[in-house]
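[1] build me a model:
(3 chains)
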Amino acid sequence: MKKVIKKVAALISVLAIVTSFVACGGSGSNAGNASKGQATGKTEGTDKITDVNVCIPTVYDLQDAQKVEDAINKITEERYGIHMILSFVATGNWQQQSNLLLTGSEVDVIASFITPLSTYVKNGQFLALDDYYNNASDAFKALWPIEELKGTSIDGKIYAIPNLRNYGNYFGLNIDEEIAAEFGIQDGQKLTMEDIDQFLRGAHEKYPDRYALAPQGGTTLIGQWSWDGLGDEKYLGVLPDCGQTTTVQNLFDTDDFREFCTWARKWYQDGLIMQDILSNTQPWQTLIGSKKAVSCFDNYAVNKVPGMIRTIVVDAWSASNSYAALSYAVNANTKVPEAAWKAMEILYTDQDVSILLNDGIEGTHYVKNSDGTISFPEGKTAADCGYGMADLYWVTPYSGNAYPLDVNGSSFFGDLKEFNQKTMKSQGFGFSFDTSSVVDQYTACINIMDKYYGALMAGTVDVDSTIEQANKEFEAAGLNDIIAAKQQQLDAYLGKN
Amino acid sequence: MVVKNKSGQIALNIIFTLLTIAAVAPFLLLVSSSFTDEATLVRDGYSFLPGKFSLDAYIYLFQSSMKIVKGYGITILVTLIGTVLSVLFTTLFAYPLSRKEFPFRYFFSFFVFFTMLFNGGLVPSYMMWTQTFHIKNTLWALIFPGLLMNGFYIIMMRSFFNANIPDALVEAARIDGCGEYGILWKIVLPLSKPMMATISLMVGLGYWNDWMNSLYYITDEKLFSIQAILNTIISNIQFLQSSQGSSVASGAAADLPSVGIRMAIAVIGILPILVIYPFFQKYFVKGIVVGGVKG
Amino acid sequence: MAAVTAVSGKKRKRARRKMTLVLFSMMLPGLVYLLINNYMPMVGLLIAFKKYNYSAGIWGSEWCGFSNFTYLFKTQDAINIVRNTIGYNLVFILLGNVVAVAVAVMLNFLRGKMNKKIYQTVILIPFLISMVVVSYIVYAFLSQESGFLNKLIESFGGEKISWYTQAKYWPFIFVIVNLWKGFGYSSILYYATVIGIDSSLYEAATVDGANRWKQVVHVTLPGLKGTIITMVLLAIGRMFYSDFGLFYQVPMRSGLISSVTDTIDVFVYKGLTQLNDIGRASAAGFLQSVMGFLLVLTANYIVRKIDEENALF
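    All right, here's what the predicted structure looks like:
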């Protein structure tokens, strides 16, 4: 054993040497930070072109990204003295790659996505943008008035700029067009859960070899329903009733949740839902498209699904984190904060850049239609046209200046803005829960939530006994601490506003 | 050493045939579903014979992405360079560890072993490689971080030298005036072909199958290896299927590659190895002969 | 006389020092690489004791004592998770090595180049398939509605089984999948050692009248002992780790069976994903390493007592 101890001691001394080596590297990078101001000062004075790294999520293989980047830079270098280096990161890799990028200064403008904005901010990953916003162009301020940026502020400071998406959702049932017609259900019709029950049973009888109801997100009937997680998509402590209350509750104790699960359970037991829903790998589009299913719950705003009609069960409402869920921010470690902000403004306000970034190059990636919409070139789809971002209008910084895709219709972006304007907002709007005081409880509760939430929402387990069991585990894991912390933070937030 | 009697050989062959089937049958199910028409797959489920034969998945993959061909190029290059460097470094490192007259051998064995238990984690490694060594978005990023040397292989190699290189042989060579490098080159290596072959195989597989380094260190798609391309497609599917996609925005569920395509992706990643491996094995078998003749 | 030995002793010493130096020079490239790739980032273990702030970096972040570790113990499931991790590892080590050694020995008994080649190639296939794809394959077998296995059960008149919702099947499924995926690889590792065993030893044994079984016991297994001990010791060092893909992807993330699928890695991943909390992630890794390290030290100590030659260090 003595020998081993000696070896450990020797190793530690090696480590110490190595450590001092790294420490030098560390101080080197600090020096880099110090010279930050200098570097940007230079760019403003002269015509020097500043590089800005922009990181955007995508789900498609963008083979022509370089061509688009070059086209964008032709504009931005001349007009603004900015050279953008675009990197598109696959959504599936997002969490890992974005987190690594933020450890250094490799990226300047980056999407805040998947991880809650409050977490990014508490980790010191983003720069506060207030000063930059105050000096922003009028066009930018007109696009994002200061009130709207409450949705992306933490502790009263702006940390990100939202992108254009639907901030709220209707929750309802998508139904195969033909079958809906047979049952006399129209697009946009309001339905109660009883109506849906009746329809599903009717459809099951008429089409016994199809599932009446397909899962939405892979393995649950729908990801969420009428509860607001207050910036926490694990729903540990929610505002039920579309956020029209200010009392934070345990999701499993809310009537909203119980009611939904009870219906789901009935449908599951009566064979209206596939029995292996918990391990399903087929998306509902495929299931309904290949005539294996009839309908599926979905949340939506103004966009359409070809071949299906949409109905409304829960009227449109927007959750507290809806603005922040996908927004754009500046890396706290950036060496060129001014240029980064400028790039941000360009991405949001320069129409030519917007069109290139959102739709690609005309003739290569899209063709214009007479009604102002665009289509992918003949025989191509978003997945294989080389630059399918047009289909991902909800990802890019600002798509409102670009052309809408044909499936969405010519008035799409106008409709979207109007929808966002009139959608009912949760009482906790703009609030984002900061988990840092209860992380121990939070990690334990996430595991319990993962265990039961999906199973309950899919109707695969008995509602009452499972909820009872889950609540027992939640109590032991400290869910009440989380709820109390959430309530306290929410009250403070509401008091301030 | 082989079993000489016939019934013994038959029994062995039966056992191995069963093992082979067990190993390959699931893979065949995968191959078969990659050749099955998508609608048939959804309706009839999985089977070993494609219900309705279709090449759609492969046509889709190769049409939609010439990158696959490019990705093969990157992978092959990285695998070759990485394997050669790795076997060189590993052998040079392992040999002194196996010499009883090398005074620090216990310390360095421990030094190696320690690396197998403790690691600083991804973020510090990443910061070091990108900020001190600036390898982000270079070919080196696919070769250096993590994969080049593996404590396990060093220790395997050391044990092999320990067990198979007689001290007397080394001592005799030394008396003949042979230097240490000479001994390694002329005496040790020829006796170590099976182990060299095994380790190149393992290291090569490691490089071939690696997608983590691409995930961490490459954002320039031109440098994506084949596995990185395939993995990205699959992780996109997983993201879109989680409810996260739909909670950010409706309409997020974009064109998902079908199950058939996912299966085809897997087949494409493995096929080249299955083609190359037998050629490689030739040397492997040669190594065996040399190893057996010694004594 | 005495003077002569002194001189030759000095000479020998010098020669010895030179040899050590040459041997050391051989190790240099690897040494530099290990220092850079493995040792330098170990500074990052400090993160486990810090509240990591991205803009402050490793050195600038505040110390936070052991608070990054508490989440691992506060959960009710802590015992369950540790039990799963260690339990599966023990079974994997035991079964994995027994099967691999058996296959390697049998491979060595085989006659005929062609079939040997085919077997060797084919049993390696599972190792080449990534875990995500393995999860698709497992699904192709186990899917309740379209899975191959349920179709088989049905054609024999049985009831479809809902594999993904019942915890009782999964310990077996994990063992089978792990064995299936890994046995080719470890067999070939062992095989490489088996073929290196001096054939004269077998001949001697044959002369002594040893039958096939006795040859295995007295020649092959002792020849393999070093490799086996190395493999097992190394596996013991990874006792508190688990194959994340196997326990997370293969059960299709089904929550209902988490009592048998949650290992330390899975628990940490599920709890910390989205939080970007590298402090707590490092804390878990740190603890896993330290525990594994202690286990290996103990095991190695025992091996050293019994058989010094085969100890790892």
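
[2] where do the helices of the stretch 51-200 of chain B begin and end?
    B:56-64, B:67-98, B:105-117, B:122-127, B:140-143, B:151-164, B:167-175, B:180-183, B:189-191, B:193-209 (DSSP state H, counting those that start in this stretch).

[3] could you tell me the least trusted of those?
    Mean pLDDT is lowest for helix B:56-64 among the helices of the stretch 51-200 of chain B, at a mean of 76.

[4] helices or strands next to it in the packing?
    helix B:67-98, helix B:259-293 (3 or more C-beta pairs under 8 Å, 6 or more residues apart in numbering or on different chains; DSSP states H and E). Yep, even glycine has a C-beta here, placed from its N, CA and C like the rest.

[5] picking up where we left off before, turn the helices of the stretch 51-200 of chain B into CSV, including mean neighbour count.
    What follows is those, written out as CSV (neighbours: other C-beta atoms under 10 Å in any protein chain shown):
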stretch, mean neighbour count
helix B:56-64, 17
helix B:67-98, 20
helix B:105-117, 21
helix B:122-127, 22
helix B:140-143, 22
helix B:151-164, 22
helix B:167-175, 13
helix B:180-183, 18
helix B:189-191, 16
helix B:193-209, 22
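
[6] phi, psi of residue 234?
    Since you didn't name a chain, this refers to chain A. With angles defined as degrees, to the nearest 10, A:K234 sits at phi -100, psi 0.

[7] what residues are up against it?
    A:C445, A:I446, A:M449 (C-beta atoms under 8 Å, 6 or more residues apart in numbering or on different chains).

[8] go with 10 Å
    Residues near A:K234 by C-beta atoms under 10 Å, 6 or more residues apart in numbering or on different chains: A:251, A:435, A:442, A:445-450, A:453, A:482, C:270-271, C:274.

[9] now do it against chain B, distance only.
    11 Å (C-beta to the nearest C-beta, to the nearest Å).

[10] and that residue, what pLDDT?
    So, for A:K234, pLDDT stands at 88.

[11] can you give me the strands in the stretch 151-300 of chain A?
    Secondary structure of the stretch 151-300 of chain A (DSSP state E, counting those that start in this stretch): strands located at A:153-154, A:157-158, A:161-162, A:169-176, A:211-214, A:293-300.

[12] which of the contacts of A:K234 fall within helices?
    Judged by DSSP state H, the contacts of A:K234 include A:Y442, A:C445, A:I446, A:N447, A:I448, A:M449, A:D450, A:Y453, A:I482, C:K270, C:G271 as members of helices.

[13] name the nearest residue to the last one, sequence neighbours excluded.
    The shortest distance from C:G271 to any residue other than its chain neighbours is 3.1 Å, reached at A:T443 (C-beta to C-beta, 6 or more residues apart in numbering or on different chains).

[14] distance check, that neighbour against chain B.
    For A:T443, the distance to chain B - C-beta to the nearest C-beta - is 18 Å.

[15] tell me the confidence at that residue?
    90.

[16] report how many residues lie close to it.
    24 (other C-beta atoms under 10 Å in any protein chain shown).

[17] care to break chain B down by domain?
    B:1-54, B:63-293 (automatic domain parsing).

[18] quick revisit: in PyMOL, how would I select just the buried ones from the contacts of A:K234?
    Listed next is the PyMOL selection for buried residues among those, using 16 or more other C-beta atoms under 10 Å in any protein chain shown:
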select buried, (chain A and resi 251+435+442+445+446+447+448+449+450+453+482) or (chain C and resi 270+271+274)
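
[19] want to try a markdown table for the contacts of A:K234, with distance to B:A141 as columns?
    Below are the contacts of A:K234 laid out as a markdown table (distance: C-beta to C-beta, whole Å):
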| residue | distance to B:A141 |
| --- | --- |
| A:L251 | 43 |
| A:T435 | 33 |
| A:Y442 | 35 |
| A:C445 | 38 |
| A:I446 | 33 |
| A:N447 | 34 |
| A:I448 | 39 |
| A:M449 | 37 |
| A:D450 | 34 |
| A:Y453 | 39 |
| A:I482 | 40 |
| C:K270 | 29 |
| C:G271 | 30 |
| C:Q274 | 27 |
